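In: Build me a structure from this.
(one chain, ligands or ions: 1)
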Amino acid sequence: MRDELMGLLFRGIVWFGVYVLLVLLPLGLALLRDPIDMARAWSLEFAVAIGLIAFAILAFEFALVSRLRSASEPFGTDSLMQFHRQMGVVGMVFLLLHVLLLVPHGVGLAMLNPLGGGTASQTGAIAFWALLLLGVTSASRTRLRLRYESWQWLHALTAVVVGGAALLHMLAVNHYLSNGVLRTTLLVYTVAFIALLLRYRVVRPLHLARHPWKVIRNESIGGDTRSLQIRPVGHKGLDFQPGQFVWLATGRRALTAQQHPITIASSAETGDPADIELAIKAFGDWSRDVVPKLTVGTRVWVDGPYGALTPDRFPGQGFVLIAGGIGITPMLSILRTMRDRGDVRPVLLVYAADRPERMVYQHELDALEKELNLRTVQVFESPPPEWQGERGLVSVALLRRHLPQHFKHYQFFVCGPAAMMDILEDQLLELGVPAAQICTERFNMG
Ligand SMILES: Cc1cc2nc3c(=O)[nH]c(=O)nc-3n(C[C@H](O)[C@H](O)[C@H](O)COP(=O)(O)OP(=O)(O)OC[C@H]3O[C@@H](n4cnc5c(N)ncnc54)[C@H](O)[C@@H]3O)c2cc1C
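Out: Below is the predicted model:
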């Protein structure tokens, strides 16, 4: 297990190094060889350098979220998604700086007119406005009441426009890009982007189509949640680790199916046939309208496994599992797997919900308490008057009351709503839990 962890750490360092190298490579090539060898103001050169970095950052934004398993494994999908967002902001700031720094060199407001000026100016303006649209719709998706699926399409489309227009802009300016090596490098970046897009949109769905699953049970388990049992058809199913998730694709065809990230709730010690269970809470149109209609025999497709919220990757002397709402699913998979493996390491499960009736798998968790070295603390935000246990939000004070003596040697897994995660990530550090022992996963990607 330690070897696997070291291997992941090594791969993480290598991938991060490759990323930094690829982002800085265009600038390095430009610095190495100015093809025109013309003395220009340093502020103009600086503006161009910032622009080159902005392009490289934005070109690799898609790679971060294109489900390249070997790249996402060391970091976890949640961290990569957050990195994608942060680098998106950095890329935007760099592009804005690029434009602002060019103002003293004759780039006025007129240059931001996509219909005016020459090709260089027009393509630059298109890239600028498309990136602004991308940023605003991403930051304010809920305020703008954009459906997640509509936003995803808009996001992909604007990203392609930004990348394409920025590349054409650099080619049209034709200063550093008259350097053949740099020109070839940026063209290679573009080809790599297109290849990743094809893999994501065509190759992967075609692979899924050849490995279908069928629904064998779909029932309500309370708390607005449905339990979906699915079985591999004509293949051996998934080899996953407890706590990992899959992209569940539903629809008429794998190629056009709607995909949603859902955690596998079953034990990783699957049987034969290798059925898996997914617990899906009604949030929006897909989970509320489509999922209940997945009748027995319906074909679905499963892309995965993904995610790093798993004790197989982060072992410990014991575990503290903190779940908010439907964030219980990875914890259930972890506990079920521990039961099937006869793992008796101590576990504290803190399970928070609005009210008792919103909890799911209550009976099974009670049974697991008897089978494992498990203690469960339930926390309700709005408990009934007769409730004697913990109430409110999961806090440092609450954790202090229940954490075992040697908790600093335990591995912490946290999964729940974004607000809970933001607070807990800081509070666990405050409690003295080493950052390396805190593993989190957010259930909202947008
Ligand atoms: C790693 C991970 C594991 C998850 N595991 C579970 C689970 O075990 N059980 C469960 O009930 N829920 C889980 N979710 C949440 C689940 O994916 C969303 O609730 C579901 O996609 C909602 O879709 P909707 O159309 O019904 O709702 P919407 O109202 O359209 O979306 C609600 C929110 O869900 C997210 N979302 C919606 N569609 C997508 C999509 N296609 N891709 C990515 N995110 C999307 C967005 O953050 C959105 O704001 C998980 C999410 C993640 C990221």
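In: all strands for the protein, in order.
Out: Counting by DSSP state E, the chain has strands at residues 213-220, 225-232, 245-250, 258-263, 276-281, 299-306, 319-324, 347-353, 374-380, 390-391, 411-416, 438-442.
In: wait, which of the ones you listed is closest to residue 169?
Out: Residue 169 sits nearest to strand 258-263 of all these, at 33.1 Å, using CB to CB. The way it works is simple: take the backbone N, C-alpha and C, and place the C-beta from them, glycine included.
In: Would you mark the buried spots in the closest one?
Out: Applying a neighbour-count criterion of 16 or more other CB atoms under 10 Å, one finds 259, 260, 261, 262, 263 buried in strand 258-263.
In: what's the burial count for the closest residue to residue 348 other than its chain neighbours?
Out: Once flanking residues are discounted, residue 348 sits nearest to residue 320: 4.9 Å by CB to CB, 6 or more residues apart in numbering. The number of residues packed near residue 320 is 24, by other CB atoms under 10 Å.
In: Would you check that residue 320 makes contact with residue 403?
Out: Yes: between residue 320 and residue 403 there is a contact at 6.8 Å, judged by CB atoms under 8 Å.
In: joint contacts of the two?
Out: Contact criterion CB atoms under 8 Å, 6 or more residues apart in numbering; residues shared by residue 320 and residue 403: residue 348.
In: Which residue does the protein have closest to the ligand?
Out: Scanning the chain for proximity to the ligand using CB to the nearest ligand atom identifies residue 284 as nearest, at 2.1 Å.
In: For the residue nearest to that residue when sequence neighbours are not counted, give its distance to residue 20.
Out: Distance criterion CB to CB, 6+ apart; nearest residue to residue 284, sequence neighbours excluded, is residue 148 at 7.0 Å. Residue 148 sits 31 Å away from residue 20, going by CB to CB, to the nearest Å.
In: cool, residue 379 as well?
Out: Distance from residue 379 to residue 20, counting by CB to CB: 41 Å.
In: These two: which is more packed in?
Out: When neighbours are counted by other CB under 10 Å, residue 379 comes out ahead of the other of residue 379 and residue 20, with 21 against 10.
In: Quick check: bridge partners of that one?
Out: Counting by DSSP bridges, residue 379 is bridged to residue 352, residue 390.
In: burial measure for residue 40, as a count.
Out: Residues near residue 40, counting by other CB under 10 Å, number 12.
In: Also the one 4 residues further on?
Out: By the measure other CB under 10 Å, the count of residues near residue 44 is 15.
In: which non-adjacent residue is nearest it?
Out: Nearest non-adjacent residue to residue 44, counting by CB to CB, 6+ apart: residue 105, 5.1 Å away.
In: these two touch, right, that neighbour and residue 42?
Out: No: the criterion here is CB under 8 Å, and residue 105 misses it with residue 42 at 11.5 Å.
In: Does the helix or strand of the chain with the lowest mean pLDDT reach the ligand?
Out: In the chain, no helix or strand scores lower on mean pLDDT, DSSP states H and E than helix 69-72, which sits at a mean of 79. No: using CB under 6 Å from any ligand atom, helix 69-72 stays clear of the ligand, with a minimum separation of 11.3 Å.
In: ok, residue 105 and residue 42, which is more surrounded?
Out: The neighbour comparison of residue 105 against residue 42 (other CB under 10 Å) goes to residue 105, with 12 against 9.
In: With respect to the strands of the chain, which exhibits the lowest mean confidence?
Out: Comparing mean pLDDT across the strands of the chain, the weakest is strand 438-442, with a mean of 89.
In: helices or strands up against it?
Out: If you count contacts as 3 or more CB pairs under 8 Å, 6 or more residues apart in numbering; DSSP states H and E, strand 438-442 packs onto helix 77-102, strand 411-416, helix 418-430.
In: which of these sits most buried?
Out: Ranked by mean neighbour count, the helices and strands packed on strand 438-442 are led by strand 411-416 with a mean of 24 (mean count of other CB atoms under 10 Å).
In: what lines up beside it in the sheet?
Out: strand 319-324 (parallel), strand 438-442 (parallel).
In: quick one on the thing from earlier: which members of the buried residues of strand 258-263 additionally contact the ligand?
Out: When contact is defined as CB under 6 Å from any ligand atom, the buried residues of strand 258-263 meet the ligand at 259, 260, 261, 262, 263.
In: mind putting the helices and strands packed on strand 438-442 in a markdown table, distance to the ligand included?
Out: Output for the helices and strands packed on strand 438-442, formatted as a markdown table (distance: least, CB to the nearest ligand atom, whole Å):
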| stretch | distance to the ligand |
| --- | --- |
| helix 77-102 | 6 |
| strand 411-416 | 8 |
| helix 418-430 | 9 |
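In: Please produce JSON lines containing those, extended by distance to residue 436.
Out: Shown next, in JSON lines, are those (distance: least, CB to CB, whole Å):
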{"stretch": "helix 77-102", "distance to residue 436": "13"}
{"stretch": "strand 411-416", "distance to residue 436": "9"}
{"stretch": "helix 418-430", "distance to residue 436": "11"}
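In: pretty sure residue 274 is in contact with residue 238, am I right?
Out: Yes: at 6.8 Å, residue 274 counts as touching residue 238 under the criterion of CB under 8 Å.
In: which residues are common contacts for those two?
Out: Residues touching both residue 274 and residue 238 (CB under 8 Å, 6+ apart) are residue 232.
In: Turn the strands of the chain into a markdown table, including distance to residue 10.
Out: Below are the strands of the chain laid out as a markdown table (distance: least, CB to CB, whole Å):
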| stretch | distance to residue 10 |
| --- | --- |
| strand 213-220 | 34 |
| strand 225-232 | 33 |
| strand 245-250 | 24 |
| strand 258-263 | 27 |
| strand 276-281 | 30 |
| strand 299-306 | 20 |
| strand 319-324 | 25 |
| strand 347-353 | 29 |
| strand 374-380 | 34 |
| strand 390-391 | 41 |
| strand 411-416 | 20 |
| strand 438-442 | 19 |
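In: Quick one: closest of these to residue 270.
Out: Nearest of the strands of the chain to residue 270, taken as CB to CB: strand 276-281 at 6.9 Å.
In: and the stretch 1-150 of the chain, which residues reach the ligand?
Out: Proximity of the stretch 1-150 of the chain to the ligand (CB under 6 Å from any ligand atom) is limited to residues 77, 148.
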